[in-house]
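J.: The following comprises the amino acid sequence and a computationally predicted model.
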Amino acid sequence: MPFFESLIAFSQWFSETYGLFGTFIISILESFIFPVPTAVIIAPVTAFGIDPLLITLAATSGSVLGALIGYGLGLRLGRPVAEKLFKKHIQRVERWFDRWGEWAVLIAAFSPIPFKVFTWTAGMFRLDIRKFLIASVIGRLAQFAIAAYTGAYLGPGVLAWMNGF
């Protein structure tokens, strides 16, 4: 179980060292460039006592701010830069936008799909900014709340079980 021990040690260190502010910063970065999903950090750190409501709000606000940055980068830098960064995803995301429009953003914001690709492409395709923001807030708030409350309620039991090994 070395992987889980490392994850637990990192989560405890992160929650004690950076807490809400660190989660806010990671959420910003994850929405336009950072490769690690915010929910992966949220669930474990709530097991160490960070309030699930506060971390949900910090992560959501950071993620939506980062989504606006991604939207702006997609708008300004366009397809050539996005293709260099997200080469294998752009064509598939374009089909999603053609089929579902702003609903594609909501799906990506809620799911483990790389949200950053959708923030950039929403800017490239000039998706209505209000619809983009609404979809981002709803999707991210739901995803982060589920992760935070799952970590808060199940995490202590998992930690106790892990300490038994």
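T.: Received the coordinates, thanks. Numbering: from 1, shown residues only.
J.: Measure how buried the residue nearest to residue 102 when sequence neighbours are not counted is and give me the count.
T.: With Cβ to Cβ, 6 or more residues apart in numbering as the criterion, residue 102 has its nearest non-adjacent residue at 4.0 Å, and that residue is residue 131. For glycine as for every other residue, the C-beta is placed from the backbone atoms N, C-alpha and C. For residue 131, the neighbour count with other Cβ atoms under 10 Å is 15.
J.: Cross-check the contact I'm expecting between residue 131 and residue 104.
T.: No - here residue 131 lies out of contact with residue 104, judged by Cβ atoms under 8 Å, at a distance of 10.8 Å.
J.: Buried residues of stretch 97-108, list them for me.
T.: The neighbour-count check on stretch 97-108 (16 or more other Cβ atoms under 10 Å) flags 97, 101, 102, 104, 105, 106, 107, 108 as buried.
J.: Keep only those of those that are in helices.
T.: If you go by DSSP state H, these have 97, 102, 104, 105, 106, 107, 108 in helices.
J.: Throw those into CSV and include distance to residue 29 and pLDDT, thanks.
T.: Below are these laid out as CSV (distance: Cβ to Cβ, whole Å; pLDDT from 0 to 100):
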residue, distance to residue 29, pLDDT
97, 23, 82
102, 23, 85
104, 22, 91
105, 18, 93
106, 21, 94
107, 21, 93
108, 17, 92
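J.: how much space between the residue positioned nearest the centre of the chain and residue 5?
T.: The geometric centre of the chain, computed from its C-alpha atoms, lies nearest to residue 38 (Cα atoms, centre = their mean), at 4.2 Å. According to Cβ to Cβ, to the nearest Å, residue 38 stands 22 Å off from residue 5.
J.: ditto for residue 44
T.: Taking Cβ to Cβ as the measure, residue 44 falls 12 Å from residue 5.
J.: circling back: need the ones in helices among the buried residues of stretch 97-108 in CSV (columns: distance to residue 55).
T.: CSV is the format used below for those (distance: Cβ to Cβ, whole Å):
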residue, distance to residue 55
97, 30
102, 26
104, 26
105, 22
106, 21
107, 23
108, 21
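J.: and those, which two are the farthest apart?
T.: The distance between the two most remote of these (Cβ to Cβ) is 12.0 Å, for 97 and 106.
J.: separation between the residue nearest to residue 102 and residue 14?
T.: 34 Å.
J.: State the phi and psi torsions of the closest residue to residue 154 other than its chain neighbours.
T.: Spatial nearest neighbour of residue 154, chain neighbours left out: residue 47 (7.8 Å); criterion: Cβ to Cβ, 6+ apart. Dihedral angles phi and psi of residue 47 (degrees, to the nearest 10) take the values phi -70, psi -20.
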